[in-house]
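Undergrad: Based on what follows, work out the 3D shape:
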Amino acid sequence: MEQIVAENVSKYYTVPPEKGGRNHERLQVLTNVSFRVERNEFVSILGPSGCGKSTLLRMLAGLDRDYEGTIRMEDVDLKKNRVPVCYMLQKDHLLPWRTLMENVLLPAEIEGADLKKEAEAVRPMLREFGLEEFENYRPHALSGGMRQRAALLRTYRMRGDIMLLDEPFGALDEITRMQMQDWLLDVWGKHRKTVVFVTHNIEEAILLSDRVLVMSPRPGTIVKDIRIDFQRPRNRDMLLGSQFLGYKKDILASLG
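TA: Down below sits the predicted model:
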């Protein structure tokens, strides 16, 4: 069942003179973007910097309705109504004065939920997210990978069955990034929310995804929709074979 449908989406920004525009120049960021995402599918959006990946994710989150075309989520037109989603930016944005648990409980607190019951529900997940012993630690005492896992757990606990992840591992060192990719594969395999994952890392996109949507340079559009047929559960040995090299070659050719 299709959970997200985007049809002929285009986006323009007006650049005022003080920002370098000429007479409030109209800058096109996206052009005729169309794609579909099925329920419980893991789809990566991959493309060069500045092609509109993050802009597109903001639209899917319902934070930007000023675009041409149509985006439907759960059969709801996002120009008319918002659909609850779990949205995470590249930075963890943990509040430094709150403990790890207090940060994870923030969505429930905003919604006015029973925080005692919510904490009871979260505690079993701390072990799964590798955070069991750090419930009362503040962000400055956590490693980069732990902060990202805490942010992902907070994102997962948001209301909604769709996770929008905007380069969540982009700021991590290579070893920690690989560890986080392996961990995300394991966690997603257990919980299977629908995921739209923005990245510019080809290996990451192939390893994690059911499909990879390749975008052109600005104004961005989808130039290739590549299905990744690796079986699940996945492991890094898959990245050593000819099938991986074929996917990588196809993506690189699409990127031009």
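Undergrad: C-alpha only now, for contacts and for neighbours.
TA: Noted.
Undergrad: just checking, what packs against the lowest-mean-pLDDT helix or strand in the chain?
TA: Here the helix or strand of the chain ranked lowest by mean pLDDT, DSSP states H and E is helix 174-191, holding a mean of 87. Packing partners of helix 174-191 (3 or more Cα pairs under 8 Å, 6 or more residues apart in numbering; DSSP states H and E): helix 144-156, helix 202-208.
Undergrad: ranking those by burial, who's on top?
TA: helix 144-156 (a mean of 22; mean count of other Cα atoms under 10 Å).
Undergrad: still on that earlier bit, a markdown table please, covering the helices and strands packed on helix 174-191 and showing distance to F244 and mean pLDDT.
TA: Below are these laid out as a markdown table (distance: least, Cα to Cα, whole Å; pLDDT from 0 to 100):
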| stretch | distance to F244 | mean pLDDT |
| --- | --- | --- |
| helix 144-156 | 26 | 89 |
| helix 202-208 | 8 | 95 |
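Undergrad: Tell me which of these lies nearest to Y247.
TA: Using Cα to Cα as the measure, helix 202-208 is the one of the helices and strands packed on helix 174-191 that comes nearest Y247, at 7.4 Å.
Undergrad: Can you identify the element that follows that closest one toward the C-terminus?
TA: Toward the C-terminus, helix 202-208 is succeeded by strand 211-215 as the next helix or strand (DSSP states H and E).
Undergrad: in that next one, what counts as buried?
TA: Buried residues in strand 211-215, counted by 16 or more other Cα atoms under 10 Å: 211-215.
Undergrad: and if you look at stretch 178-194?
TA: By neighbour count on 16+ other Cα under 10 Å, the buried set for stretch 178-194 is 180-186, 192-194.
Undergrad: gap between the residue nearest the centre of the chain and T14?
TA: Centroid-nearest residue in the chain, with Cα atoms, centre = their mean: L165, separated by 1.5 Å. Relative to T14, L165 is positioned 26 Å away (Cα to Cα, to the nearest Å).
Undergrad: ok, now Y87?
TA: Distance from Y87 to T14, by Cα to Cα: 26 Å.
Undergrad: more crowded one of these two?
TA: Taking neighbours as other Cα atoms under 10 Å, Y87 and T14 compare with Y87 leading, 21 against 14.
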